[in-house]
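> requesting a structural model of the entry that follows:
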Amino acid sequence: MVIGMKVLMGIDMGGTMVKAAVFDLAGNELASAGELLITIQPKADWMERDLQDAKQKIYRCIRSVLEKTGIDGADVLGIGVTGQGNGAYFFDSQGEPVCNGIMSSDMRSKEYIRTWYKDGTFKKIYPYTRQQLWAGNVCAIIAWFRDHAKELLDCTAHIVTAKDYVRYLLTGEFHTEITEGSGTSCMALEKREYSRDVFRCLGIEEHLHKIPAAIGSSDIGGFVTKEAATLTGLTAGTPVVGGQFDVSASVVSAGVKQEGQMGIVVGSWSINSILGRQPVQDEEVFMQHVYAIDDYYNILEGSATSASNQEWFIDALMDRNEDIYAQCAKMVESTDYRDTLLFLPYIYGTNVHLDAKAMFVGLNGTHRRAHMLRAVYEGVAFGHKMHVERLLRHTKMPDSVRIAGGAARSAVWMQIFADILNADIEVSRATELGTMGVAMNAGVAVGVFSSLEEAIDQWASIKKVYHPDPERAAYYKKKYAAFRAVIEAMDCVWEDIEALKIAD
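This next block holds a predicted model:
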């Protein structure tokens, strides 16, 4: 039993799992606990979360990580929260869920996105938001509910996102938070406030008041209640901070704190980031949001095209077991990188086209699962490269790139990234980067650190560097050109395929 050791905690409600982790004040991860979350797909393109199930698993993960370490709840100095960004969680005036949580991978509102781009709405709101619209945005989901589930929206008093739900479960208080709020297409980015003008343009102005005010990442957003303390083993009165957008938290804990650095998250989403003192004027950049470090914006390219494709492959074509990721690595290593099979990593959508879907291109009779899995690994890396190229309009390619996310544990995948990006890939020593990033915020709030920059300096470090192989990099340059050519060739076909769907 660890007696008297002071710690910081981070909680991450991600796209597939909820995790809790505790860190000593030197940044060492003492233990983590996680549970798979239930994802409900009642219709094609719909992705929902069972919030009662999530609630119980959040509480269990907290209790489990305390029991693993023997740490008393009283020794947890502060708690940070993060989670899958955007989506929308609706609650009534009593704080009860109005319906299942709508995940950011949900595509039910994509027709609104199509309309807003065609009718000029996007052009009107871009000067405020400085980001693209997409189906998982909070505002797009509100618009869909306005037209298709008005009775649910009418009885909604609070609209938040995944991490805000976690904070509410611990504190009983509803808040949003600035890094994520500024990435929901709901805020005037440079004013750092939710914009009535944006909501008016989108036709949802009457629901603006349902989004709680945004607090800062290291601001205290409430204290653990007696009820939550009983259910988790925490101590009532423990502060819980605003936390961060998951795409910000992982980049912070990887050590990205200034211009000239690039951070990539290979997780449920493909996240590719650079920092800037000012937002850029570029309608093709996916998102810009307030960074957790004062005076910086995170200029971000991303889509739901990353490691979730591997999870689909495992569930669809393999038998999941405790050694599955090691088996995947061996399968990929057994194949030749010069194989010509291509994979478009669009199982859960993409921003290349609203109707784009995943596909293998070039299958022949010699191909087996191992070849297909290599194509998935490469396709994910190619998808990241497409995003990186867009960022390079606003910065030069750094000599090294910091990578975080579950896939960063795979040596074979990180080498593929190094070869495809033709850059050194630096992998953090931390394994739970999202929880670590927001534990840093908690440390700032309670005085362990004077600033988030100090926290990064003390906690972020590199475990391994992968260097590109010149021969492989040259081959992947050609293969990437073929990957792009397939996408361009399919551009005029996706809507025809979508039209073949049988109506529900």
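
> double-check that I159 belongs to a strand.
Yes: assessed by DSSP: H, G, I helix; E, B strand; the rest coil, I159 belongs to a strand.

> what bridges to it?
When assigned by DSSP bridges, I159 has beta-bridge partners F90.

> count of residues packed around it?
Per other CB atoms under 10 Å, the neighbour tally for I159 reads 26. Quick note: C-beta positions are derived from backbone N, CA and C, even for glycine.

> from E378, how far out is it?
Using CB to CB, to the nearest Å, I159 is found at 39 Å from E378.

> E333 too?
To E378, E333 is 13 Å away according to CB to CB.

> give me the more crowded residue out of these two.
Neighbours per residue (other CB under 10 Å) separate E333 from E378, with E378 holding more: 26 against 12.

> which residue is the nearest non-sequential neighbour of the more buried one?
In space, and not counting its chain neighbours, E378 is closest to I416: 6.0 Å by CB to CB, 6 or more residues apart in numbering.

> helix or strand: which one has that neighbour?
Element membership of I416 [criterion: DSSP states H and E] is helix 411-421.

> report all helices and strands that that helix contacts.
Packing partners of helix 411-421 (3 or more CB pairs under 8 Å, 6 or more residues apart in numbering; DSSP states H and E): strand 262-266, helix 324-333, helix 369-391, strand 400-404, strand 424-428, strand 462-466, helix 470-490.

> which among the ones you listed is found nearest to H175?
strand 262-266 (24.0 Å; CB to CB).

> alpha carbons of the closest one, as CSV, please.
Provided in CSV are the C-alpha atoms of strand 262-266 (Å, rounded to 0.1, in the frame of the first residue of the first chain):
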residue,chain,number,x,y,z
MET,A,262,4.2,19.0,-34.9
GLY,A,263,2.1,16.6,-32.9
ILE,A,264,0.2,13.6,-34.3
VAL,A,265,-2.3,11.4,-32.5
VAL,A,266,-2.9,7.9,-34.0
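
> following it, which helix or strand comes up?
Using DSSP H and E, the helix or strand that follows strand 262-266 in sequence is strand 270-276.

> quick one: distance of that next one to the chain centre.
12 Å (CA atoms, centre = their mean, to the nearest Å).

> pLDDT on that strand, on average?
Throughout strand 270-276, pLDDT has a mean value of 92.

> and it, which residues are buried?
For strand 270-276, the neighbour count (16 or more other CB atoms under 10 Å) marks S270, I271, N272, S273, I274, L275 as buried.

> quick one: contacts for the first one?
Listed by CB atoms under 8 Å, 6 or more residues apart in numbering, the contact partners of S270 are E301, G302, S303, A304, T305, S306, V380, G383, H384, H387.

> got it, and the fourth one?
Going by CB under 8 Å, 6+ apart, S273 touches V247, V251, V256, M262, G263, I264, V265, N298, I299, L300, E301, L391.

> mind redoing it with 7 Å?
Applying CB atoms under 7 Å, 6 or more residues apart in numbering, we find S273 in contact with V251, V256, M262, G263, N298, I299, L300.
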